[in-house]
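*Asks:* Make a model of this:
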Amino acid sequence: MSKLSTVDYAGSALTAREFQCLAGIARGLLPKQIAGELGIADVTVHLHVANAKRKLGARTREHAVAIGVSSGLIAV
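*Replies:* Numbers count the residues shown, from 1 in each chain. Down below sits the predicted model:
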């Protein structure tokens, strides 16, 4: 069983799935669309986004994306 890779932002250590979900939001996709692309349930997308928000100290998913973009983690 392999461990998912992580992206470090100020000690946040986002998993690859958390990063992928935030990148999907940055592209304007809905959770259901992100879930379809990644082959996971939309509730799982919500879970990954919630974890990313917590790790980044963001209040909303949009805030988490803004942190990702401003820190260079997410390119738009």
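
*Asks:* Run through the chain and note the low-pLDDT ranges.
*Replies:* For the chain, the stretches flagged by pLDDT under 70 are 1-12.

*Asks:* quick check: longest helix of it.
*Replies:* When the chain is parsed with DSSP state H, its longest helix is helix 42-56.

*Asks:* Could you pull up phi and psi at Leu14?
*Replies:* When quoted as degrees, to the nearest 10, the phi and psi of Leu14 stand at phi -70, psi 140.

*Asks:* Thr15 too?
*Replies:* Dihedral angles (degrees, to the nearest 10) for Thr15: phi -80, psi 170.

*Asks:* any chance you could map the helices in the protein?
*Replies:* When assigned using DSSP H, the helices of the chain occupy the ranges 16-26, 31-38, 42-56, 61-70.

*Asks:* re the thing from before, quick one: list the elements packing against the longest helix of the chain.
*Replies:* Under the contact criterion of 3 or more C-beta pairs under 8 Å, 6 or more residues apart in numbering; DSSP states H and E, helix 42-56 touches strand 14-15, helix 16-26, helix 31-38, helix 61-70. Where C-beta positions appear, they are placed from N, C-alpha and C, glycine not excepted.

*Asks:* Export the longest one to CSV, keeping only CA atoms.
*Replies:* Taking C-alpha atoms only, helix 16-26 is exported to CSV below (Å, rounded to 0.1, in the frame of the first residue of the first chain):
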residue,chain,number,x,y,z
ALA,A,16,-2.3,14.8,-3.1
ARG,A,17,-6.1,14.4,-3.0
GLU,A,18,-6.5,17.6,-0.9
PHE,A,19,-4.4,19.5,-3.4
GLN,A,20,-6.3,18.0,-6.4
CYS,A,21,-9.7,18.9,-4.9
LEU,A,22,-8.5,22.5,-4.2
ALA,A,23,-7.2,22.7,-7.8
GLY,A,24,-10.5,21.6,-9.1
ILE,A,25,-12.3,24.3,-7.1
ALA,A,26,-9.8,26.8,-8.5
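
*Asks:* No further questions, thank you.
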